[in-house]
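# 3D model of this:
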Amino acid sequence: MAQRHFFWQSRTLLCHYLINVAVGIMIAVIFAMAAGSQWGEGVRNAAFDLLVRYEYQQTPHAVAPRSPLFFVEISPLEYRQWGEPLLTPREKVADLIDAAWHKGAPVVVLDILLDRPDREHPDADAKLRSLLQRMLRENAHTRVIFPVRVGADGELRGHLLDDFFESRSVAGERLFYPAAPTVLASQDDLLNRFWGAYQVCRDRQGGTRIIWSVALLAAALHQGTQDHLEQLAKRLVAGAGQAHGGATGEGDAELRLKLGERELQLAPLERLAPADAGYPGFQAGESHGLPYAQRVRFLIAPRTLARRDAGNFRPGLSPDSLAGKIVVIGNGSPETGDILATPVGQMPGMYLIGNAINTIVTGRMPEHMEEWQDLLLEAAMIVVAAWLFLKFHTILAQILSSLLFLAALVPVSWYLYREFGVFINFIIPVVGMRLHGIADSLETMFATKGRKQHDHH
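Below is the predicted model of the structure:
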């Protein structure tokens with residue numbers, strides 16, 4: 001019986017295998033260095049988008065009613081019936097908030113900007129203000145979020161209901177909050193993939209102020225952690241411009257935000273301009289996990305069952321109870337211009353914000369693998385790839401390794417992402433195999449050239 005030989009028993013084969021391992025390590029190092037580049041961001045987004053789109057297509061409509069979101073949409077037909085207003089009729093807004101309050105919704109998110117008074121219908125503004133005053137008097141348990149604008153100069157723009165934001169109910173509770181309708185797009189393709197944490201601006205007194213995003217504030221109000229947000233805002237402003245010891249330093253440790261079962265590490269404010277500049281001296285640092293933790297998972301489609309047209313949002317035509325629900329009120333008409341590009345296609349802004357809120361509240365924020373798990377996976381891929389390039393011709397090794405990694409990593413990536421939100425970039429191994437094949441071809445070429453020169457002499 002012939003004795004079986006292993007490649008490590010041959011000095012030539014072992015040397016070739018170690019070269020392949022070294023090439024794999026070099027490629028891994030190159031990818032690690034390029035992770036923060038525009039190319040690395042593009043590759044990561046491409047892999048993420050495949051998972052996001054597949055999840056969006058596979059999510060059954062029955063999932064939406066189990067989410068904490070309920071949508072009240074001003075439909076295109078209603079928009080035209082209301083006279084295509086530049087200012088959404090304030091009496092309609094008041095009626096919608098009133099209905100959500102009496103149906104027991106703990107949080108109402110208004111995706112309608114109320115920054116100017118209605119000059120033509122002043123009684124409508126008075127009706128809205130009267131409703132808010134009644135909510136304060138009657139100790140309503142419904143919190144309402146109103147979007148506000150931060151100008152290009154960094155100044156916080158005025159709002160029709162500014163005087164209500166600091167008001168308290170008879171029981172001493174705060175009911176009305178300003179928030180920034182912030183979603184973030186990638187610079188390379190302008191697709192809205194992320195929810196913003198906050199914006200930094202100057203208030204009317206010239207001080208630096210934190211305006212939390214609609215999505216983050218809605219999640220905090222739903223979970224009853226809004227007081228923590230106020231403390232974090234003070235810490236962000238107080239620590240602006242100071243030296244920090246990195247993501248694990250004591251300064252940054254105070255900027256951790258608990259979101260359900262997940263924790264978000266906010267980055268400190270970054271200095272942008274001198275204090276005497278005409279715009280805020282600091283810009284939002286967002287979080288250390290922005291490429292992952294603040295990525296929106298699109299689980300709710302605009303035609304979800306958990307929605308009603310604004311005209312049908314009344315007893316008998318919508319749920320009698322919205323206990324535990326976050327009610328998002330907005331306009332779904334394309335004529336408003338609030339239609340945004342996302343990885344799953346064009347989507348009205350109210351549903352983009354709703355998906356961001358749902359991502360946070362349900363604890364489905366994506367995350368990267370632990371560093372040791374990432375290193376272990378890379379080591380396994382390097383060892384397997386080195387063996388394949390040792391055993392087979394370069395082209396065949398490329399094909400086999402790419403198919404092997406795709407067949408193994410795509411299902412595993414999908415399962416981990418769907419169940420736990422853990423992301424594995426399955427595109428990088430395929431790209432790595434291409435580079436490995438080029439390196440292997442160069443090695444073969446130099447080895448062949450060396451043998452020819454040796455034979456010639």
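
# look up the closest residue to the residue most central in space within the chain, ignoring the ones flanking it.
In the chain, the residue lying closest to the centroid (CA atoms, centre = their mean) is Arg295, at 2.3 Å. Leaving out its chain neighbours, the residue that sits closest to Arg295 by CB to CB, 6 or more residues apart in numbering is Pro366, at 5.1 Å. C-beta here means a position set from N, CA and C on the backbone, and glycine is covered the same way.

# cool, and Tyr417?
Nearest to Tyr417 is Leu51, by CB to CB, 6+ apart, at 5.0 Å.

# run through the residues that contact that neighbour.
Contacts for Leu51 (CB atoms under 8 Å, 6 or more residues apart in numbering) come out as Ser413, Trp414, Tyr417, Phe423.

# how about the helices in the stretch 301-450 of the chain?
Counting by DSSP state H, counting those that start in this stretch, the stretch 301-450 of the chain has these helices, from start to end: 349-361, 371-391, 394-420, 427-456.

# weakest of those helices by average pLDDT?
Lowest mean pLDDT of those: helix 427-456, a mean of 53.

# ok, back up a step: quick one, phi/psi of the residue nearest to the centre of the chain?
The phi/psi pair for Arg295 (degrees, to the nearest 10) reads phi -90, psi 130.

# how about it, what does it touch?
Contact analysis of Arg295 by CB under 8 Å, 6+ apart lists Phe48, Arg193, Phe194, Thr359, Met365, Pro366.

# what about stretch 227-242, distance to the chain center?
Distance of stretch 227-242 from its chain centroid, counting by CA atoms, centre = their mean, to the nearest Å, is 22 Å.

# taking the mean pLDDT, what do you get for it?
pLDDT averaged over stretch 227-242 gives 83.

# mind listing residues that contact it?
By CB under 8 Å, 6+ apart, the residues outside stretch 227-242 that reach it are 198, 200, 208-210, 212, 216-217, 220, 251, 254-255, 257-258, 266, 268-269, 271, 281-282.

# okay, and which of the residues you listed map to strands?
Tyr198, Val200, Thr208, Arg209, Ile210, Trp212, Leu257, Lys258, Arg271, Phe282 (DSSP state E).

# and of those, the nearest to Ala323?
Of all the ones in strands among the contacts of stretch 227-242, Ala323 sits closest to Lys258, with 23.4 Å by CB to CB.

# now the contacts of Arg295 in TSV, with neighbour count and distance to Ile74?
TSV is the format used below for these (neighbours: other CB atoms under 10 Å; distance: CB to CB, whole Å):
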residue	neighbour count	distance to Ile74
Phe48	21	32
Arg193	21	26
Phe194	21	26
Thr359	25	24
Met365	22	29
Pro366	21	31
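
# distance check, Asn330 against Gly260.
Let me fix one detail, which is that residue 330 is Gly and not Asn. Noted for Gly330: a distance of 24 Å to Gly260, by CB to CB, to the nearest Å.

# please name the residues that touch Leu216.
Shown in contact with Leu216 (CB under 8 Å, 6+ apart): Trp195, Gly196, Ala197, Tyr198, Leu229, Ile360.

# repeat the analysis, applying 10 Å as the threshold.
Counting by CB atoms under 10 Å, 6 or more residues apart in numbering, Leu216 touches 179-180, 182, 195-198, 229, 257, 259, 264, 294, 356-357, 360.

# show me how to select, in ChimeraX, the buried members of those.
To isolate the buried ones among the contacts of Leu216 in ChimeraX, judged by 16 or more other CB atoms under 10 Å, type:
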select :179,180,182,195,196,197,198,229,257,259,264,294,356,357,360
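
# with that, I have no additional questions.
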